[in-house]
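**Student:** No sequence on hand, only this structure:
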């Protein structure tokens, strides 16, 4: 009776937790409504807007010059949006993101202008400009009369400024001892100091600041106006708000349908444990929304894909646990004992699998940029929360169900008799299949080289240039007509491709400057009645695209090496690590084959896709290695090793299929319902999930056995 009350209490707490999380997610906390899904910051691909990357023309700009330039841009973009973000990348690049704006080309033009700093007398005559300023620093001195601290800005002028300022201050003092000279930046008066005496030595003190921060702010603004540092635009991205809204809507609907499908599958196949996992999964999703808000993560299209993928991977931990519980029940244990043993035995595989995926997310975060970082953040947050919900929340709910009377084996199901399949005997067949698939991919690379000039269909991120997406109101004109319009407006040859299922086209050209983009927009508007909200463009310089290629290769290598080291340490056997890496190379090459044969665009999300597949494949492999390690205890003969490998793969077969299926379902709905950029991410990912399942079952164990066989023959 006491157990039953505890069970009822636990279930009531679970319901209250869902209600509380729902309240926070939809209503929020406090006057600011913190934690709500509505207040999650959306990226430009979902909210529309402008993103620009500038690079200093100067070879080695100082940290102060870069900081002042960043501040200068920040002050300017604040006029367009309070959500605008300006951040430095490396030592000489600055990124500007302005979401939700409409007149994108006007903003690009405005940001490209230099800020105007002027010193004006009371008659409005300009006595100094930014070119006359040598430096400006904030300082705190003691007032000679009161002894109190006084915050000032110490101004230093160059030779021409010294001469001009001497004449202006001498004239001011001669006519009126309390005349002012206003300091104006971009048309706004930022200070109005009084001229007390003629200043002929090129050094002046501006008084009247109430705090050191105020003095530093004024000094920084003066330095910005005098800044000689020039910037060049190396990347820009303009997304129409309508296109972003459509992308968000379709991705969320796809995620919701996928989630319902997974919850139904879990509840039907795993019965009471599946229902418990479904409740825990709802808690996980709501907690994920709140944490994304709490960490101020900017949600992008790849970020949504990361959330949806992490939902699929959250189910993975539950499948491992429930498979273990069924095995314990089949072995004759009581339901209570089976639940405890199932969670205990699944722990190591869950932790190892999630840590390897976190390694991939970490590499993505530090080596990726923009949307890829958003994907890494949402994936990492999702993994951490999913571990908590699987190991604690699911266990609590499942135990509660047991306590309220769901204690019959029929509510949990028994493991069907496992028939051991001889995988090692057929490993040559498996290797031949893999070799054939990879060979097809390599052949595709050569075909692409001869037909399109590159081995893969490189997107803008890896090739450089400008890509423009145009959505038409009515019938889409023919490609030749669009090419002619682009040629007339920009003077560049255009490569036009249709967007499947939409009245839109993607047009690639050489990098277009602002003048060309503005003329193109005007032409499309007058000829087809297309407004700016239906035009999205992205420009990337060749230097940036080359860096992205390098980062992609580096990221995959770093992630693979880190995972190899982790597996080696955890399993204390280099053969496990080497087998896992061979399987990873296999999966990457097969997915590369899909990119090659289907000519899917290879862009920035390619890195995210590859590393996700690497992490997912390792996750599946670790479950089998964990079972081999468990079955191997005390056995070392090669005959025993062969049987252990076949038994371990057979015992984990249903888990490998079910986890791949649940993740596949989530990604599948993204692929069929998402916008083109999401499809280009989801389709290779689906292939990677299938391939990872195949390699974990057919490749990793047999390769490890081959290493052991070679070692025993020496």
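**Tutor:** Received, thanks. All values reported here derive from a predicted model rather than from experimental measurement.
**Student:** Name the nearest residue to residue 142, sequence neighbours excluded.
**Tutor:** Leaving aside its chain neighbours, residue 142 sits nearest to residue 149 (6.4 Å; criterion: Cβ to Cβ, 6 or more residues apart in numbering). Every residue, glycine included, has its C-beta placed from N, CA and C.
**Student:** how far does the strand or helix carrying residue 583 sit from the chain's center?
**Tutor:** Following DSSP states H and E, the helix or strand that holds residue 583 is helix 574-598. In terms of Cα atoms, centre = their mean, to the nearest Å, the centre of helix 574-598 is set 23 Å apart from its chain centre.
**Student:** Output the below-cut-off pLDDT ranges for the stretch 251-400 of the chain.
**Tutor:** 305, 368-371 (pLDDT under 70).
**Student:** 50 - rerun?
**Tutor:** For the stretch 251-400 of the chain, applying pLDDT under 50 flags no range at all.
**Student:** So, low pLDDT: which residues of the stretch 101-250 of the chain?
**Tutor:** For the stretch 101-250 of the chain, no range has pLDDT under 50.
**Student:** redo that, cut-off 80
**Tutor:** The model of the stretch 101-250 of the chain has pLDDT under 80 over residues 101-116, 143-147, 175-178, 186-187, 220-221, 223-249.
**Student:** Show me which positions of the helix or strand containing residue 348 end up buried.
**Tutor:** Take DSSP H and E as the rule and residue 348 turns out to sit in helix 335-367. Buried residues in helix 335-367, counted by 16 or more other Cβ atoms under 10 Å: 335, 338-343, 345-347, 349-350, 352-365, 367.
**Student:** tell me, how many neighbours does the residue nearest to residue 142 end up with?
**Tutor:** 11 (other Cβ atoms under 10 Å).
**Student:** Where do the domain boundaries of the protein fall?
**Tutor:** Domain ranges of the chain: 2-27+241-411, 54-110, 117-225, 424-443+544-713, 465-540, per automatic domain parsing.
**Student:** Please list the outside residues in contact with stretch 410-422.
**Tutor:** With contact meaning Cβ atoms under 8 Å, 6 or more residues apart in numbering, stretch 410-422 is reached by 270-273, 323, 325-327, 329-330, 335, 338, 401, 643, 646-647, 649-651, 653.
**Student:** mind checking the end-to-end distance for it?
**Tutor:** For stretch 410-422, the first-to-last residue distance is 31 Å (Cα to Cα, to the nearest Å).
**Student:** From the chain's centroid, how far away is it?
**Tutor:** 40 Å.
**Student:** do the same with stretch 149-169
**Tutor:** 48 Å.
**Student:** And it, what's buried?
**Tutor:** 150-155, 157, 161-162, 164-166, 168-169.
**Student:** Can you tell me which of these is closest to residue 597?
**Tutor:** Nearest to residue 597 among the buried residues of stretch 149-169, counting by Cβ to Cβ, is residue 153 at 64.4 Å.
**Student:** Would you confirm that that closest one contacts residue 217?
**Tutor:** No: in this structure, residue 153 is not within contact of residue 217 by Cβ atoms under 8 Å, at 9.5 Å.
**Student:** now for the helix holding residue 583, which elements pack on it?
**Tutor:** helix 427-452, helix 542-571, helix 604-632, helix 676-698, helix 700-713 (3 or more Cβ pairs under 8 Å, 6 or more residues apart in numbering; DSSP states H and E).
**Student:** JSON lines please, covering these and showing mean neighbour count, distance to residue 202 and mean pLDDT.
**Tutor:** Formatted as JSON lines, the helices and strands packed on helix 574-598 follow (neighbours: other Cβ atoms under 10 Å; distance: least, Cβ to Cβ, whole Å; pLDDT from 0 to 100):
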{"stretch": "helix 427-452", "mean neighbour count": "14", "distance to residue 202": "62", "mean pLDDT": "85"}
{"stretch": "helix 542-571", "mean neighbour count": "17", "distance to residue 202": "40", "mean pLDDT": "74"}
{"stretch": "helix 604-632", "mean neighbour count": "26", "distance to residue 202": "50", "mean pLDDT": "79"}
{"stretch": "helix 676-698", "mean neighbour count": "23", "distance to residue 202": "56", "mean pLDDT": "85"}
{"stretch": "helix 700-713", "mean neighbour count": "18", "distance to residue 202": "74", "mean pLDDT": "83"}
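**Student:** out of these, nearest to residue 393?
**Tutor:** helix 604-632 (20.2 Å).
**Student:** which is the next helix or strand following the closest one?
**Tutor:** Proceeding N to C from helix 604-632, the next assigned helix or strand is helix 638-651, under DSSP H and E.
**Student:** I'd like the mean pLDDT over that next one, please.
**Tutor:** Across helix 638-651, pLDDT averages out at 86.
**Student:** No further questions, thank you.
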